[in-house]
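Participant: sequence and predicted structure, then a few things I'm wondering about:
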Amino acid sequence: LPFRMGMKWGLKWGDRIVVPPCYRNICIPVGGYCAFEGNACQWGVMALDGKVHLTIIPGKVKTIKL
């Protein structure tokens with residue numbers, strides 16, 4: 001579930017923090033993925049296993065392991 005710490009959002013699974021609170025906004029996961037806002041109007045899709053899929057420019061996607 002999304003949780004807020006200060007002004008940043010992250011994801012928790014029970015008592016375990018899955019994604020640290022480092023995003024401006026984070027949506028409730030759908031299946032194994034959720035959308036997050038890193039900066040104003042810059043959204044990405046994150047897998048719940050900690051992999052982040054960022055759209056750098058249209059057509060180019062970068063995958064980051066947290």
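Facilitator: That came in fine, so what should we check first?
Participant: burial of residue 34, as a residue count?
Facilitator: 20 (other Cβ atoms under 10 Å). Every C-beta, even on glycine, is put in place using the N, C-alpha and C of the backbone.
Participant: ugh, typo on my part, it should be residue 21
Facilitator: 17.
Participant: again, but for residue 38
Facilitator: 15.
Participant: ok, residue 9 next?
Facilitator: 20.
Participant: repeat for residue 46
Facilitator: 24.
Participant: again with residue 8
Facilitator: Residues contacting residue 8 under the criterion other Cβ under 10 Å number 14.
Participant: ok, it touching residue 19?
Facilitator: No: in this structure residue 8 lies outside contact range of residue 19 using Cβ atoms under 8 Å: 10.5 Å.
Participant: residues in contact with stretch 11-24?
Facilitator: For stretch 11-24, the external contacting residues (Cβ atoms under 8 Å, 6 or more residues apart in numbering) are 1-10, 26, 29, 34, 36-40, 46, 48, 50, 66.
Participant: taking these, please make a ChimeraX selection of just the buried ones.
Facilitator: Listed next is the ChimeraX selection for buried residues among the contacts of stretch 11-24, using 16 or more other Cβ atoms under 10 Å:
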select :2,9,10,26,29,34,36,46
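Participant: give the other helices and strands that the helix or strand containing residue 55 contacts.
Facilitator: If you go by DSSP states H and E, residue 55 is part of strand 51-57. Strand 51-57 is packed against strand 42-47, strand 60-65, with contacts defined by 3 or more Cβ pairs under 8 Å, 6 or more residues apart in numbering; DSSP states H and E.
Participant: where among those strands is the average confidence lowest?
Facilitator: With a mean of 76, strand 60-65 has the lowest mean pLDDT of the helices and strands packed on strand 51-57.
Participant: quick one: contacts of that one?
Facilitator: By Cβ under 8 Å, 6+ apart, strand 60-65 touches 50-56.
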